[in-house]
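Asker: just need the structure, nothing else, for what follows:
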Amino acid sequence: MSKKKTNTKSNSGVDLLDREKHDIKPPSKYNVVFYNDNYTPMDFVWAVLMKVFRLGAQSAYQVMITVHESGKGIAGTYPKGIAATKAKQVMDYAKEAGHPLLCKIEKI
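Answerer: Here you go, the predicted model:
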């Protein structure tokens, strides 16, 4: 992060305190990616997409079909902490249900 000093003057011509300007970058984004396997039921994937990612039925269906047909699909894009939390929730639900579903995060 770089700092820049700025001098500001009020309308009356009096110098005001120097302020530091910060060049702030937005946080990196990460995709939460589901990977296809031959054992996890599509209905389970569809339900998890709606529960964890709050996708509507149609959107969840589209992601589920993409995972099924392409081998992987993006459930959402988030800052790292949120993406990691959502991926962990998915993996916890899958483990609890006895499914080998794989969900990871990938930096964009």
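
Asker: when you work out contacts or count neighbours from here on, use the C-alpha atoms and nothing else.
Answerer: OK.

Asker: mind listing the strands for this protein?
Answerer: For the chain, the strands defined by DSSP state E cover 3-6, 19-22, 29-35, 72-79, 102-107.

Asker: of these, give the one that comes closest to residue 63.
Answerer: Nearest of the strands of the chain to residue 63, taken as C-alpha to C-alpha: strand 72-79 at 6.0 Å.

Asker: one step back: out of the strands of the chain, which one sits most buried?
Answerer: Among the strands of the chain, strand 29-35 has the highest mean neighbour count (mean count of other C-alpha atoms under 10 Å), at a mean of 21.

Asker: list the contacts for the most centrally placed residue in the chain?
Answerer: What sits nearest the mean C-alpha location of the chain, by C-alpha atoms, centre = their mean, is residue 78, with 2.2 Å. Applying C-alpha atoms under 8 Å, 6 or more residues apart in numbering, one finds that residue 78 lies in contact with 29-32.

Asker: please tell me how far the nearest residue to residue 52 once chain neighbours are set aside sits from residue 103.
Answerer: In this structure, residue 52 finds its nearest non-sequential neighbour in residue 86, 6.6 Å apart by C-alpha to C-alpha, 6 or more residues apart in numbering. Distance, residue 86 to residue 103, using C-alpha to C-alpha, to the nearest Å: 9 Å.
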